[in-house]
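>>> Sequence plus the predicted model coming up.
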Amino acid sequence: QVQLVESGGGSVQAGGSLRLSCAASETGRTCMAWFRQAPGSEREGIARMDPYDSSTVYDDSVKGRFTVSLDSAKNTLYLQMNSLKPEDTAMYYCAASSYYPCPYSTFDYWGQGTQVTVSS
């Protein structure tokens with residue numbers, strides 16, 4: 001069972017940056033991803049990392065602005081968020097999947113979430 005703890009959320013003005021961290025009990029050969037859920041919306045996957053080749057996949061809404069990375073030595077997943085927009089306001093969740101391949105539908109371990117609020 002993978003345990004995940006997010007940190008780094010907060011409030012920022014549009015155009016600013018934040019870096020989210022996710023401390024994991026293990027990373028190893030585990031698919032890791034970031035999801036977000038805005039009020040009144042469903043949770044959506046926005047960035048995913050393959051555990052075998054470290055390739056990354058981004059949702060179009062964040063592509064070019066957000067970067068996911070993994071520090072294997074620290075078992076910590078990061079999400080660097082630049083050029084933030086008000087529509088990025090959401091609860092952000094770190095997630096892990098016990099499956100491979102790992103489309104977003106397979107993620108079954110979740111952190112508690114960290115709030116990101118972007119003001120205009």
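Perfect, thanks for sending it.

>>> then stretch 44-61 to PDB, C-alphas only?
C-alpha atoms of stretch 44-61 as PDB (Å, rounded to 0.1, in the frame of the first residue of the first chain):
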ATOM      1  CA  GLU A  44      -9.100  15.200 -13.600                       C
ATOM      2  CA  GLY A  45      -5.600  13.900 -14.300                       C
ATOM      3  CA  ILE A  46      -3.200  16.600 -15.400                       C
ATOM      4  CA  ALA A  47       0.300  15.000 -15.300                       C
ATOM      5  CA  ARG A  48       1.600  11.500 -15.300                       C
ATOM      6  CA  MET A  49       5.000   9.900 -15.200                       C
ATOM      7  CA  ASP A  50       5.900   6.400 -16.400                       C
ATOM      8  CA  PRO A  51       8.000   4.500 -13.900                       C
ATOM      9  CA  TYR A  52      10.100   2.600 -16.500                       C
ATOM     10  CA  ASP A  53      11.200   5.300 -18.900                       C
ATOM     11  CA  SER A  54      10.300   8.500 -16.900                       C
ATOM     12  CA  SER A  55       8.300   9.700 -19.800                       C
ATOM     13  CA  THR A  56       5.600  12.300 -18.900                       C
ATOM     14  CA  VAL A  57       2.200  13.000 -20.200                       C
ATOM     15  CA  TYR A  58       0.400  16.300 -19.600                       C
ATOM     16  CA  ASP A  59      -3.200  17.400 -20.100                       C
ATOM     17  CA  ASP A  60      -3.500  20.200 -22.700                       C
ATOM     18  CA  SER A  61      -4.700  22.600 -20.100                       C
END
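
>>> I would like the residues contacting that stretch, please.
If you take Cβ atoms under 8 Å, 6 or more residues apart in numbering as the criterion, stretch 44-61 is touched by 27-37, 62, 66-70, 77, 79, 87, 100, 102, 104, 107. In this view, the C-beta of every residue, glycine as well, is placed from N, C-alpha and C.

>>> any idea how far it is from the chain center?
9 Å (Cα atoms, centre = their mean, to the nearest Å).

>>> buried set for that stretch?
Within stretch 44-61, the residues scored as buried using 16 or more other Cβ atoms under 10 Å are G45, I46, A47, R48, M49, P51, Y58, D59.
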